[in-house]
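A.B. asks: Structure of the sequence below:
(one chain, ligands or ions: 1)
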Amino acid sequence: MKRFYSSIMLLAALLLSIPVMAQTQKKPVIGISCSIDGTTVEVGMTYVVSVRKAGGIPFIIPITTSDKEIDEYLDRIDGLLMTGGEDVSPLLFGQEPSPFLGTVVPERDTYDLALIRKAVLKGIPVLGICRGIQCLNIAMGGDLIQDIPSEVKDAIQHRQTGPRSYGSHTIMIEKGSLMEKLLGSGEVAVNSFHHQACGKIAPGFKVTAKSSDGIVEAIESPDGKFYGVQFHPEGFVYAGKKEFLPIFQHLVKLASEYSAHK
Ligand code: MN
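C.D. replies: Here you go, the predicted model:
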């Protein structure tokens, strides 16, 4: 019966050349930055599933260094999720490479920074995760610590070996911040898969969570429209830990607002 019904609808749409189905409230489209491995573009399903669970439509943005193409993609999304990945070239924030710098991917650096700068100019909300928070900070004028173990005295372990859904160190969340609204106040245990971190913070942004050794674990703009975390909430959400879902729900809510006014 259902099949017959949809055939009738299709035929009606064809003959009348008008959309027959009632328009429902569209879910906002969340653009997700990807990485590149040889000739393959890649995005972890953890990011895709987290966006879905938060009520958004995940839309993977293939790597390009063309400004024009980036504009075309941004015209089609309502929110931007910048994902984790390789180290960022220190030349992009005025430093020479540390001997402990890891792999850099120049093409991805160009793509990530262009996506963020253009999204901010258009007013598209941005959530940066891991490399994403670092790129957000650089794009807006901040810099990075290139290698925590060799640059930060008495640093704790930020490259855990446990599963992605396991919180290996605590962070202290700033009172009155967006991060407090999303995760609650005080100490929260988070996962940690990084050896770089935000250094000097971009003008206008504030640090809203730190680990016990002073490493920046979250930043946000005053209106909370552009924000980032150094840990991986998608690792928790994917594993069914709902307490980290508000980080994605906030992006989807902002994206709905952006979509309604664009
Ligand atoms: Mn960490």
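
A.B. asks: Val126 reaches Glu220, doesn't it?
C.D. replies: No: contact criterion CB atoms under 8 Å: Val126 and Glu220 do not qualify, at 10.6 Å. C-beta coordinates here come from the backbone N, C-alpha and C atoms, glycine included.

A.B. asks: between those two, what contacts are shared?
C.D. replies: Counting by CB atoms under 8 Å, 6 or more residues apart in numbering, the shared contacts of Val126 and Glu220 are 226-228.

A.B. asks: Tell me if I'm right that Lys210 and Glu217 touch.
C.D. replies: Yes: using CB under 8 Å as the test, Lys210 is close enough to Glu217 to be in contact (5.8 Å).

A.B. asks: who's in contact with the residue in the chain that the ion sits nearest to?
C.D. replies: Nearest residue of the chain to the ion, counting by CB to the ion: Ser192, 3.3 Å away. Residues counted as contacts of Ser192 (CB under 8 Å, 6+ apart) are 157-160, 168-169, 211, 230-231.

A.B. asks: which one of the shared contacts of Val126 and Glu220 has the most neighbours?
C.D. replies: For the shared contacts of Val126 and Glu220, counting by other CB atoms under 10 Å, the largest number of neighbours falls to Gly228: 28 neighbours.

A.B. asks: Tell me how many other residues crowd Gly44.
C.D. replies: Gly44 - counted by other CB under 10 Å - has 19 other residues nearby.

A.B. asks: got the contact list for it?
C.D. replies: If you count contacts by CB under 8 Å, 6+ apart, Gly44 has them with 83-84, 234.

A.B. asks: for Leu121, same thing?
C.D. replies: For Leu121, no contacting residues are found, by CB under 8 Å, 6+ apart.

A.B. asks: Quick check: phi and psi at it.
C.D. replies: phi -60, psi -30 (degrees, to the nearest 10).

A.B. asks: The stretch 101-250 of the chain against the ion: which residues are in contact?
C.D. replies: Selection of the stretch 101-250 of the chain residues close to the ion by CB under 5 Å from the ion yields 158, 192.

A.B. asks: Recalculate using a threshold of 6 Å.
C.D. replies: 158, 169, 192, 194, 211, 215, 217, 230-231 (CB under 6 Å from the ion).

A.B. asks: since we're on the residue nearest to Ile215 when sequence neighbours are not counted, how many residues are nearby?
C.D. replies: Take Ile215 and drop its neighbours on the chain: the residue closest to it by CB to CB, 6 or more residues apart in numbering is Ala197, 4.9 Å away. Ala197 has 26 neighbours, counted by other CB under 10 Å.
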